[in-house]
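Visitor: what's the 3D shape of this:
(chains A and B)
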Amino acid sequence: MTVSTAVFYLVAAITIGSAMIVAFSRNIIYSAFSLLGTFAGVAGIYIFLGADFVAAVQVLIYVGGILVLVLFAVMLTHRITDVEITNRAAGRIPALIVVGVLVYLLAQTVRETPWAKAKEIVYAATTAKIGDLFLDTYLLPFELASLVLLAALIGAVVISRKEIKE
Amino acid sequence: MTDVNLVPLLPATQVLLTALVVLLLDLFYQEGEKGLLAWVSLLGLALCAGETLFLWGSQESAFGDAVMLDNFALFFTQIFLGAAALTILSSVHYIRQAEIHEGEFYALVLFATTGMILMAAAKDLIVFFLALETMSIAVYILTGIWRASGRSSEAAMKYFLMGAFATGFLLYGIALIYGATGSTHLNEISNYLIESPEDWPPYLIGGALLLLVGFAFKVGAVPFHFWVPDVYEGAPTPVTGFMSVAVKAAAFAAWARILMHQLAPLDSDWAFPLWVLAIITMTLGNLLAISQASVKRMLAYSSIAHAGYLLVALVVGEEWGGLPLLFYLLTYAFMAFGAFAVITALAETEQSPEDYRDFSGLGFKHPFLGMAMTLFMLSLAGFPPLAGFAGKFYVFRSAVLSGHLALAIIGVLNSLLSVIYYLRVIVAMYMEEGGAEGKSFRQAPYLYIAIGLAALGTLYLGILPARALEWSRVAFLSLD
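Guide: Purely as a prediction, here's the structure:
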């Protein structure tokens, strides 16, 4: 086992371990903090795949933005630390059945798929390539993303502004 | 270099421009003058409708085939434009009374319409996904736009959470399909499916099934329907009409283009789940509709049941089911929109009248509303010679012709079952007294025009369906 394989398993373990804490912790603050491990672990996996840009974006957006937002929301919400009401699991048996079926399906898929192994991963900068694709093959989706953002922006204004009563 | 051809984007751009113009004009008008914005929106929609007529028959694609302007896309564009125009007409008075900001309301309706038009034209899974999000975000906001109503905010929250959940399924499905085929482009995916038959990795099937689940959420098919009644009930009534007609049509349009047409080689893998889905959607939708006390909630369940009939057309498949699917969506648009518009006409500002009791005696006090509601109810139940009958007839006929006899029989039985709750409204209107007394009926000429148009459409499609059928046939055949 080479060093990189060992590091890969370590990163995978951190990702899955903290994801499990997110799901199973009874305290929502612990859940929110362990999201950090999940997001960072996923960024690590992107690096293994040679996707440097996506990894950087993952750190910037998820670790730097979304996680902080989640933490703010959790910390600023009144009485959310009250363990009794925050994170209770309901309907365990149906959930267990659904999860069992899903795990079986996923395991079967992983087992049965003839996975092709990449000969060698080239660690080269992908940013320029992504930029080219955005202005070429994916020009339309790139522009449409701004439309989605505009709709979300207007929506946020409509939903959150103060109603002025005359 | 990708080919930049803007013609296929013309209808969507036209609607988007109208939305932006409405947003900007909103800044310059005083509170009392904002009614003008409705006319600006309608003008934009009318121009776009003219463009679709002008472009009819074209077969143009652009941006490396990411969007396709064919008759299929134009057919659905026309449905969306009609639904948006009727929604705007029927909400002019409603939103003024509910103190909803007019500029944003119309702009969001137009944004949602832009997303729908792109959904029907998308030939690339990423474009489809972004268009779906544009539509969904605008509709989430529209659901919660009545800030003074707690139910509206609650509905928006539920819709948003459920919608985000469904989006997760769709995106995971798209990712798996991309992983298996190496492309998000529908033509390349279907080429892959045809060139290497039966050699598909298992997760390709998984991806297609996840896509199916995502679509089932969006159309409100039964195991994934639990958001529908609450959201339909809580949303402002004109928005409910818009959702039940246009959002549903958009989801079915994408379903027909992506799963039914382009991914058709995979259909043996989802035929059975879809078959089950169709049956439980029809049956549960109808059974639950019977026990509702509120008419708006009853219509929500009835819209689930109608999604079930539409699923029958999807089970039947491309060869037989395409024309009935399109035609049914067209007929459903008029009658469902009309029914919700009549409820809009009854609604007071604070508490909407939705009980069957609120309809008592309506037929005598407001003959026009009573007659229109009777027409819509009979059509939804599937009585000849109304639009609903013609739509159901072609769906069930296609099921019989393609050998899905069980499905057709269950569908017809369900349709009989639905007569119970549709007739209950008519009975309340003509055979009970009192009730609606004291309810303020809006003096809303535009709303009445919208109801009248929906009623005319319901009658026309029922009595003279030939042209619309031909239109649906041409539209479906244009899929390549």
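Visitor: per-residue confidence for B:A107?
Guide: On pLDDT, B:A107 comes in at 94.
Visitor: Could you do the one 3 residues further on as well?
Guide: In this model, B:L110 is scored at 96, pLDDT.
Visitor: quick one: it from A:T109, how far?
Guide: From B:L110 across to A:T109, the span is 42 Å (Cβ to Cβ, to the nearest Å). The C-beta positions use only the backbone N, C-alpha and C, and glycine is treated the same way.
Visitor: okay, the two: which has more neighbours?
Guide: Set side by side, B:L110 and A:T109 show more neighbours around B:L110, with 28 against 16, by other Cβ atoms under 10 Å in any protein chain shown.
Visitor: Skipping adjacent residues, who's closest to the more buried one in space?
Guide: Excluding its sequence neighbours, the residue lying closest to B:L110 (Cβ to Cβ, 6 or more residues apart in numbering or on different chains) is B:A19, at 3.6 Å.
Visitor: neighbours around whatever residue of the stretch 351-480 of chain B ends up closest to chain A, how many?
Guide: With Cβ to the nearest Cβ as the measure, B:D480 is the residue of the stretch 351-480 of chain B nearest to chain A, at 19.0 Å. Counted with other Cβ under 10 Å, residues neighbouring B:D480 total 12.
Visitor: repeat for B:L277
Guide: Residues near B:L277, counting by other Cβ under 10 Å: 24.
Visitor: The helix or strand hosting it and chain A, any residue contact?
Guide: Using DSSP states H and E, B:L277 maps to helix B:267-290. No - using Cβ under 8 Å from any Cβ of the partner chain, helix B:267-290 never reaches chain A; the gap is at least 13.1 Å.
Visitor: what comes into contact with that helix?
Guide: B:205, B:208-209, B:212, B:216, B:221-223, B:225, B:259-260, B:298, B:301-309, B:311-312, B:314-315, B:317, B:404, B:407, B:410-411, B:414, B:417-418, B:420-421 (Cβ atoms under 8 Å, 6 or more residues apart in numbering or on different chains).
Visitor: still on that earlier bit, hmm, B:G115 and the residue nearest to B:L110 touching each other?
Guide: No - in this structure, B:A19 is not within contact of B:G115 by Cβ atoms under 8 Å, at 10.7 Å.
Visitor: Those two: who's more crowded?
Guide: Taking neighbours as other Cβ under 10 Å, B:A19 and B:G115 compare with B:G115 leading, 29 against 26.
Visitor: what distance separates the helix holding B:L277 from the centre of its chain?
Guide: Relative to its chain's centre, helix B:267-290 lies at 18 Å (Cα atoms, centre = their mean, to the nearest Å).
Visitor: which parts of it are buried?
Guide: Across helix B:267-290, burial judged by 16 or more other Cβ atoms under 10 Å in any protein chain shown covers B:267, B:269-270, B:274-275, B:277-286, B:288-289.
Visitor: What of stretch B:220-236?
Guide: B:220-222, B:224-225, B:227-236.
Visitor: Need the max-distance pair from those.
Guide: Using Cβ to Cβ, the buried residues of stretch B:220-236 span at most 25.8 Å, a distance reached by B:V222 and B:P236.
Visitor: how close does the one residue in the stretch 101-250 of chain B that gets nearest to chain A get to B:A345?
Guide: Going by Cβ to the nearest Cβ, chain A is nearest to B:I141 of the stretch 101-250 of chain B, at 3.7 Å. Distance of B:I141 to B:A345, given as Cβ to Cβ: 24 Å.
Visitor: what do you get for B:V312?
Guide: 32 Å.
Visitor: ok, these two, which is more surrounded?
Guide: When neighbours are counted by other Cβ under 10 Å, B:V312 and B:A345 differ, and B:V312 comes out ahead with 29 against 24.
Visitor: ranges for the strands of chain B?
Guide: Here chain B has its strands, by DSSP state E, at B:60-62, B:67-69.
Visitor: The first one packs against which elements?
Guide: The one in question is strand B:60-62. strand B:67-69 (3 or more Cβ pairs under 8 Å, 6 or more residues apart in numbering or on different chains; DSSP states H and E).
Visitor: what sits up against the strand it packs on?
Guide: Contact partners of strand B:67-69, identified using Cβ under 8 Å, 6+ apart, comprise A:140, B:7-11, B:55, B:58-61, B:118, B:121-124, B:127, B:480.
Visitor: got it, and stretch B:192-211?
Guide: A:105, A:108-109, A:112-114, B:169-170, B:172-177, B:179-183, B:258-259, B:263, B:265-266, B:269-270, B:273.
Visitor: how many neighbours does the residue nearest to B:V395 when sequence neighbours are not counted have?
Guide: Once flanking residues are discounted, B:V395 sits nearest to B:P324: 4.4 Å by Cβ to Cβ, 6+ apart. Neighbour count of B:P324, defined by other Cβ under 10 Å: 27.
Visitor: Now the residue nearest in space to the middle of chain A: phi and psi?
Guide: Nearest to the geometric centre of chain A sits A:F39, at 5.7 Å (Cα atoms, centre = their mean). Backbone dihedrals for A:F39, given as degrees, to the nearest 10, come out at phi -60, psi -40.
Visitor: residues touching it, list them.
Guide: A:Q58, A:V59, A:Y62, A:V63, A:I66, A:L67 are the contacts of A:F39 under Cβ under 8 Å, 6+ apart.
Visitor: surely the fourth one meets A:V42?
Guide: I take that to be A:V63. No - using Cβ under 8 Å, A:V63 is not in contact with A:V42, being 9.6 Å away.
Visitor: And B:A305, how far from chain A?
Guide: Distance of B:A305 to chain A, given as Cβ to the nearest Cβ, to the nearest Å: 25 Å.
Visitor: What sits closest to that residue if chain neighbours are left out?
Guide: B:G285 (3.2 Å).
Visitor: Chain A versus that neighbour, what's the distance?
Guide: 22 Å.
Visitor: helices and strands of chain A: which one has the lowest mean pLDDT?
Guide: helix A:83-86 (a mean of 50; mean pLDDT, DSSP states H and E).
Visitor: Just after that helix, pick out the following helix or strand.
Guide: Downstream of helix A:83-86, the first helix or strand assigned by DSSP H and E is helix A:92-112.
Visitor: thinking again about what came up before, out of the contacts of helix B:267-290, list just those in helices.
Guide: B:205, B:208-209, B:212, B:216, B:298, B:301-309, B:311-312, B:314-315, B:407, B:410-411, B:414, B:417-418, B:420-421 (DSSP state H).
Visitor: tally of neighbours for the residue lying closest to B:F368 once chain neighbours are set aside?
Guide: Distances taken as Cβ to Cβ, 6+ apart put B:Y448 closest to B:F368, at 6.9 Å, once the chain neighbours are dropped. Other residues within reach of B:Y448, judged by other Cβ under 10 Å, total 19.
Visitor: Tally up the residues packed near B:S58, please.
Guide: B:S58, neighbours per other Cβ under 10 Å, totals 15.
Visitor: from memory it sits against B:V7, does it?
Guide: Yes - B:S58 lies in contact with B:V7 (Cβ under 8 Å); the separation is 7.4 Å.
Visitor: picking that back up, I'd like the distance between the residue nearest to B:V395 and B:P384.
Guide: Distance from B:P324 to B:P384, by Cβ to Cβ: 16 Å.
Visitor: Please apply the same query to B:F76.
Guide: In terms of Cβ to Cβ, B:F76 sits 27 Å off from B:P384.
Visitor: Which one's more surrounded, the two?
Guide: Neighbour tally, B:F76 and B:P384, criterion other Cβ under 10 Å: the higher count belongs to B:F76, 28 against 13.
Visitor: show me the contacts for the more buried one.
Guide: Contacts of B:F76 (Cβ under 8 Å, 6+ apart): B:M116, B:I117, B:A120, B:A249, B:A250, B:A253, B:A475.
Visitor: ok, now B:L212?
Guide: Here B:L212 is in contact with B:G173, B:L259, B:W270, B:P273, B:L274 (Cβ under 8 Å, 6+ apart).
Visitor: Quick check: pLDDT value at the second one.
Guide: Reading off the per-residue confidence, B:L259 sits at a pLDDT of 88.
Visitor: ok, which residues in the stretch 201-350 of chain B are in contact with chain A?
Guide: So far as Cβ under 8 Å from any Cβ goes, the stretch 201-350 of chain B lies against chain A at B:P201, B:P202, B:Y203, B:G206.
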